[in-house]
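K.L.:
compute the structure for the input listed below.
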Amino acid sequence: MSQFIEDLLRPHVMDTALDDGYRAMATDTQREIEAMEWCDALAGNMADAAR
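P.N.:
Reported below is the predicted structural model:
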């Protein structure tokens, strides 16, 4: 009975859409490469601004 109730309520309590979205983005290697390049460029800009 407890498992039935948990299975019934879990989709309404646990929003997995965000997790699914992150999982899908992580499999997109080209997007991950672009994101890392963007982060590296941002860090470089911040270092330049601190000088």
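
K.L.:
show residues contacting stretch 36-48.
P.N.:
Outside stretch 36-48, not one residue touches it by Cβ atoms under 8 Å, 6 or more residues apart in numbering. Backbone N, C-alpha and C define where each C-beta goes, glycine included.

K.L.:
let's see it as PDB, backbone CA atoms only.
P.N.:
Taking Å, rounded to 0.1, in the frame of the first residue of the first chain, the C-alpha atoms of stretch 36-48 are listed here in PDB:
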ATOM      1  CA  MET A  36      33.200  25.800 -21.100                       C
ATOM      2  CA  GLU A  37      34.700  28.200 -23.600                       C
ATOM      3  CA  TRP A  38      32.200  30.900 -22.400                       C
ATOM      4  CA  CYS A  39      33.100  30.200 -18.800                       C
ATOM      5  CA  ASP A  40      36.800  30.400 -19.500                       C
ATOM      6  CA  ALA A  41      36.400  33.700 -21.400                       C
ATOM      7  CA  LEU A  42      34.300  35.100 -18.500                       C
ATOM      8  CA  ALA A  43      37.000  34.100 -16.000                       C
ATOM      9  CA  GLY A  44      39.600  35.800 -18.200                       C
ATOM     10  CA  ASN A  45      37.600  39.000 -18.400                       C
ATOM     11  CA  MET A  46      37.200  39.100 -14.700                       C
ATOM     12  CA  ALA A  47      40.900  38.600 -14.200                       C
ATOM     13  CA  ASP A  48      41.600  41.400 -16.600                       C
END
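
K.L.:
on the pLDDT front, check the residue nearest to the spatial centre of the chain for me.
P.N.:
Compute the mean C-alpha point of the chain, and by Cα atoms, centre = their mean the closest residue is Y22, 3.5 Å away. In this model, Y22 is scored at 86, pLDDT.
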